[in-house]
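[1] got a sequence here, can you build the structure:
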Amino acid sequence: MRFRVPLLSPRRSKEDLQFIRFFIDKFGYRPKRLDLFYEATTHRSLTYSASREFSNERLEFLGDAILDSIIAEFLFHKFPDQDEGYLTKVKSKVVSRKTLSEIGEELGLRKIIRYNKGRSINLSSLEGNAFEAIIGAIYLDSSYETVKKILHHHIFRKYVDLNKVLEEEIDFKSRLFIWSQKRRLQLEFVVLREENLHGNWKYEVVAQVNGTNYGKGIGASKKVAEQAAARETLILMGEM
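    Numbering: from 1, shown residues only. Predicted structure coming up:
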């Protein structure tokens, strides 16, 4: 009888083990295909040979698309009364270069990114790009649902005050009140029209500053209409 000898997994180097530990600690994820994660953390400034450049740009492209999708789904459910243009504006804020670079810095990605230190490189941008590439690597190494869980439970919860980011972008009414108070101006939101068509409410609101009409807004609720009116008023006042 012939016995089959079980295949042994290759021994990991000390560098590999430290690399794996980083992703477990920061992302709550244990990489299976380490080659994907080394690729995700390698900047194009580091070329291994004259004939082949090994960098994270392709994974960055993939991670960018996945982040967009997950954030879009989150906003779609969080703001059911907002239109496509509004959701697009908020999404661009959440996945901006600035936000992603801040996440990369908080994660300490600089410790594991490989790049040509002899070249002048914007490390903040490098960290943001690497973060996207790592998202792409996790997706290929696992699944879309795994990436979604990691983002919600290990990234945004720990390293991003998502509510603050959203509030800065969407709470136009509060921003307009603060603006008015600083200038000692009276602000009031007046309902111009409200109607119910086949069970669907529609409100039209105008923002009045010292009795003068400025921005108008329409929405399925007074709150949504007031936000739209406040946003238009801020634009008219040159505050956006």
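
[2] name the helix or strand for Phe76, please.
    helix 57-78 (DSSP states H and E).

[3] state the next helix or strand along the chain beyond that helix.
    helix 84-94.

[4] quick one: that following helix to helix 57-78, angle?
    130 degrees (axes from the mean of the first three to the mean of the last three Cα atoms, to 10 degrees).

[5] show me the strands in the protein, by range?
    Under the criterion DSSP state E, the chain contains strands at 187-197, 200-209, 212-219.

[6] give the partner strands of the second one in its sheet and their orientations.
    Sheet pairing of strand 200-209 (DSSP bridges) gives strand 187-197 (antiparallel), strand 212-219 (antiparallel).

[7] of those strands, flag the one that's most buried.
    The highest average neighbour count among these, using mean count of other Cβ atoms under 10 Å, belongs to strand 212-219 at a mean of 17. C-beta: built from backbone N, CA, C; applies to glycine.

[8] neighbouring contacts of that one?
    Applying Cβ atoms under 8 Å, 6 or more residues apart in numbering, the set of residues contacting strand 212-219 from outside is 81, 192, 202-208, 224-237.

[9] please repeat the previous calculation with a cut-off of 10 Å.
    Contacting residues not belonging to strand 212-219 are listed as 81-83, 172-173, 176, 185, 187, 189-190, 192-193, 201-209, 224-237 [Cβ atoms under 10 Å, 6 or more residues apart in numbering].

[10] and for stretch 23-32?
    16, 19-22, 34, 37-38, 40-41, 106-109, 111-112, 134-135, 137-138, 141-142, 146-147, 149-151, 153-155, 158-159.
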